[in-house]
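J.: everything below, folded, please.
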Amino acid sequence: MIKLLQLHKRSSYEFKYIQDKCAINSETKTFALADGATQSFNSELWAEIITKGFVTNPTFNVNELISYFEKQVVEYKNTKFEFSSNPAKASLEKSKQNQGATATFIGLHFTTDNKIELISCGDTNLFLLNTKNEVTAFPFTNVDNLDANIHFINTEQLIQNKIDETFFKTKSIEYNSDDKIIIATDALSRLILKKPSVLSEILKIEDFNQLNDFCLKYWDSKELQEDDISAIIIPVQNNGMVKIIHPPTDFSFPKEKEVEFIPTSLQQRNYSIMEMNDIRNQFNGVAQDFNQVKKKLKLHEMLLLVAISLLIANILLVYFSRPLNSKDETSKPQDTSENVIIQMHESTIDDLKSEIQILKGKIAEISQPKKEPKEEMVEPTKQPPIIPKEEAKKRQEELIKAGFKVTADSIWGEQSEKKWNEYLQKKNK
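T.: Presented below is the predicted three-dimensional model:
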């Protein structure tokens, strides 16, 4: 017997809001399962249209199926939809409507030569379980590949010709008479891929209570994603009968408790002595904490002021200690000591020049023959007297004390003699 298992997610509360849709044609042995995307517009209607259309006119040629789905978009758009009376919610619904409906899809058909023809788009998966408990999966064989899927059937993309052969996967697999086929939507497929042993639990489900317990168990353990759960279990040997296992009409998951907001009364209340003391202690504690904060803030403020003052002092110190190279300073006369040294060197140079001239004269007298004296006598140049060096130095020091610019170098030349005569004249007056 074929079994159809379906349970809505707890956040939907009621089964009528489930977005998974399936279709079964026992006569042609054709099955289809689609998972409507939660975030798209009226996706459960689109999932229902494409599954019913497929089992009525199955095709495993991708281009033919795409063309058939394009025609079904017209049926989807012509279906009237009542928008919410809430303006904000109605605006959101209209925005979703412009983006169209989205769903995954898988279809299969049993052929007469012990084969199953498969066509799929999206993350709804098929599992073939043989008598050796070996599992064959299609189109995804592991969770990573399933989660990496990016292809879905969207109504607007169909109209815009944005869906092509790359969106679909097809396959033909052989089966044995004792094999079992399970097709499941993404949340349950993910659990089976992670933990293949749960297939034995799924096959044992015979009523809604067992299905509910199974989902709650794995939802609470976080092993099963909290989503709509749908699966079709197809024994290869079946009589075409379908057993539907889903919630009864009066079943719903408990809604979250809504807490009513009740404003606090503004009337005065009489507090006991203990309550007053407790309030006073709490207030005093807050006051102490506040005072501690104020003290820390003052300390931080003082440290900041000190840091700023030190910074300003450093700036001023650097400014006033910088070297002064102004034009006025370079144009000032040299110090008196420097002038004195220069004058002393100039006087020494003059004395040396006069000494050189004297020596030149003496050399000339020696090297040249003596000439007969002429009748007219030329008064010879008066040469400075030759005095001992100690006496020369003593006179020079005396001249320096008197303010004359001479050098105490113990050399007595014409210049020194001249200065000495001037000094004697002034001294005798």
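J.: alpha carbons only for contacts and neighbour counts from here, please
T.: OK.
J.: what mean pLDDT does stretch 120-136 get?
T.: Mean pLDDT, stretch 120-136: 94.
J.: please read the previous query as pertaining to stretch 299-312.
T.: 87.
J.: from now on call the first residue 38
T.: New numbering, starting at 38: the last item is stretch 336-349.
J.: quick one: it to chain centroid distance?
T.: Distance of stretch 336-349 from the chain centroid (CA atoms, centre = their mean, to the nearest Å) equals 35 Å.
J.: can I get stretch 234-252 as PDB, trimmed to CA atoms?
T.: Taking C-alpha atoms only, stretch 234-252 is exported to PDB below (Å, rounded to 0.1, in the frame of the first residue of the first chain):
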ATOM      1  CA  SER A 234      18.700   4.700   9.800                       C
ATOM      2  CA  VAL A 235      15.600   6.900  10.200                       C
ATOM      3  CA  LEU A 236      14.200   5.300   7.000                       C
ATOM      4  CA  SER A 237      13.300   2.300   9.100                       C
ATOM      5  CA  GLU A 238      11.300   4.500  11.500                       C
ATOM      6  CA  ILE A 239       9.600   6.300   8.600                       C
ATOM      7  CA  LEU A 240       8.500   3.000   7.100                       C
ATOM      8  CA  LYS A 241       6.900   1.900  10.400                       C
ATOM      9  CA  ILE A 242       4.600   5.000  10.700                       C
ATOM     10  CA  GLU A 243       1.000   3.900  10.300                       C
ATOM     11  CA  ASP A 244      -1.000   6.700  11.800                       C
ATOM     12  CA  PHE A 245      -0.900  10.400  12.600                       C
ATOM     13  CA  ASN A 246       0.200  10.000  16.200                       C
ATOM     14  CA  GLN A 247       3.200   8.100  15.200                       C
ATOM     15  CA  LEU A 248       4.000  10.700  12.500                       C
ATOM     16  CA  ASN A 249       3.500  13.500  15.100                       C
ATOM     17  CA  ASP A 250       5.800  11.800  17.600                       C
ATOM     18  CA  PHE A 251       8.500  11.200  15.000                       C
ATOM     19  CA  CYS A 252       8.500  14.900  13.900                       C
END
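J.: what lies in contact with it?
T.: With contacts defined as CA atoms under 8 Å, 6 or more residues apart in numbering, stretch 234-252 is touched by 42, 44, 228, 229, 261, 270, 282, 283, 284.
J.: wait, which of the residues you listed is closest to residue 67?
T.: Among the contacts of stretch 234-252, residue 270 lies closest to residue 67 (CA to CA), at 12.9 Å.
J.: out of the contacts of stretch 234-252, which sit inside strands?
T.: Within these, residues falling in strands by DSSP state E are 42, 44, 270, 282.
J.: residues near the first one, how many?
T.: Looking back up the chat, that one is residue 42. 21 (other CA atoms under 10 Å).
J.: still on that earlier bit, go through the contacts of stretch 234-252 and say which is closest to residue 445.
T.: For these, the nearest to residue 445 is residue 261 (115.9 Å; CA to CA).
J.: give me the element the nearest residue to the closest one once chain neighbours are set aside is part of.
T.: Closest residue to residue 261 in three dimensions, ignoring its sequence neighbours and counting by CA to CA, 6 or more residues apart in numbering: residue 255, at 5.0 Å. If you go by DSSP states H and E, residue 255 is part of helix 245-257.
J.: how far off centre is stretch 270-287?
T.: 52 Å.
J.: list the contacts of that stretch.
T.: 38-44, 52, 63-64, 212-220, 240, 243-245, 248.
J.: and it, what's its mean pLDDT?
T.: Mean per-residue pLDDT for stretch 270-287: 93.
J.: tell me how far the ends of it are from each other?
T.: Terminal residues of stretch 270-287 are spaced 25 Å apart (CA to CA, to the nearest Å).
J.: buried stuff in it?
T.: By neighbour count on 16 or more other CA atoms under 10 Å, the buried set for stretch 270-287 is 270, 271, 272, 273, 277, 279, 282, 283, 284.
J.: residue 80: which of these is nearest?
T.: Nearest to residue 80 among the buried residues of stretch 270-287, with distances taken as CA to CA, is residue 283, at 19.9 Å.
J.: nearest spatial neighbour of that closest one, skipping sequence neighbours?
T.: residue 43 (5.0 Å).
J.: and that neighbour, what are its bridge partners?
T.: residue 267 (DSSP bridges).
J.: surely it is in contact with residue 268?
T.: Yes - counting by CA atoms under 8 Å, residue 43 does reach residue 268; the two are 6.6 Å apart.
J.: can I see the domain layout of the protein?
T.: 39-282, 421-466 (automatic domain parsing).
J.: any idea which of these gets closest to residue 358?
T.: With CA to CA as the yardstick, what comes closest out of the domains of the chain is domain 421-466 (39.2 Å).
J.: wait, doesn't residue 267 sit right on residue 57?
T.: Yes - with contact defined as CA under 8 Å, residue 267 reaches residue 57; the gap is 6.6 Å.
J.: assign residue 103 to helix, strand or coil.
T.: helix (DSSP: H, G, I helix; E, B strand; the rest coil).
J.: what is the burial count for it?
T.: Residues near residue 103, counting by other CA under 10 Å: 19.
J.: now swap in the one 3 residues further on and tell me
T.: Look at residue 106: counted by other CA under 10 Å, it has 20 neighbours.
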